[in-house]
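Visitor: one predicted model, sequence on top.
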Amino acid sequence: MLDRAIENFGRRLVRGDEGFVPKAYKDTKGNWTALVGLNLNQNVPERVGIAAMDEYIKITKEELHDNLPFFDSLDPVRQWVFIDMVYNMGIGKFMGFHKMIHLAAGGAWQRASEELMNSQAARDLPVRYKRLKMMLATGQWPDNLPSFASIT
């Protein structure tokens, strides 16, 4: 195994050569690429996707903590409803759910869950948002969570 100093130098080398682009683009050979030279035309290992998801979830939690004073006091299920929504749409669009957020802040969970369904996101992703509605209304995990054997 390479020592830490050599590993860091190598990482700087690759990062410097590849650069960072936060969205998909076509590289000089026409390959769809994103992030730090990640070639999207090749199969991306699931562990790379899971690592990216985990890091984005950390960022999402920080954004919710910074933008919703009551977020940390929510039960875990309702926190994960908000995390799932922000992961999907970004904090800016999530913060546009004014009525839902106001109702949630006051603990009016049934009304907040109904307001959640009054959105383009719920119309675009009905299965996902019906599940989130139930979670928001009840504070309970659903029986029908998607399963992925490699996520532990």
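Guide: Perfect, I can see it now.
Visitor: please identify the buried residues of the lengthiest helix in the chain?
Guide: Counting by DSSP state H, the longest helix found in the chain is helix 46-67. Across helix 46-67, burial judged by 16 or more other Cβ atoms under 10 Å covers 60-61, 63-64. All C-beta atoms are positioned from the backbone trio N, CA, C, and that covers glycine.
Visitor: mind checking how far stretch 86-99 is from the chain centre?
Guide: Put simply, stretch 86-99 sits 11 Å off its chain's centre (Cα atoms, centre = their mean, to the nearest Å).
Visitor: one more: stretch 24-37?
Guide: With Cα atoms, centre = their mean, you get 22 Å for stretch 24-37.
Visitor: buried ones in it?
Guide: Neighbour counts over stretch 24-37 (16+ other Cβ under 10 Å) mark 33-34 as buried.
Visitor: and the end-to-end length of that stretch?
Guide: 10 Å (Cα to Cα, to the nearest Å).
Visitor: who touches it?
Guide: Here stretch 24-37 makes contact (Cβ atoms under 8 Å, 6 or more residues apart in numbering) with 14-15, 17-23, 39-41, 52.
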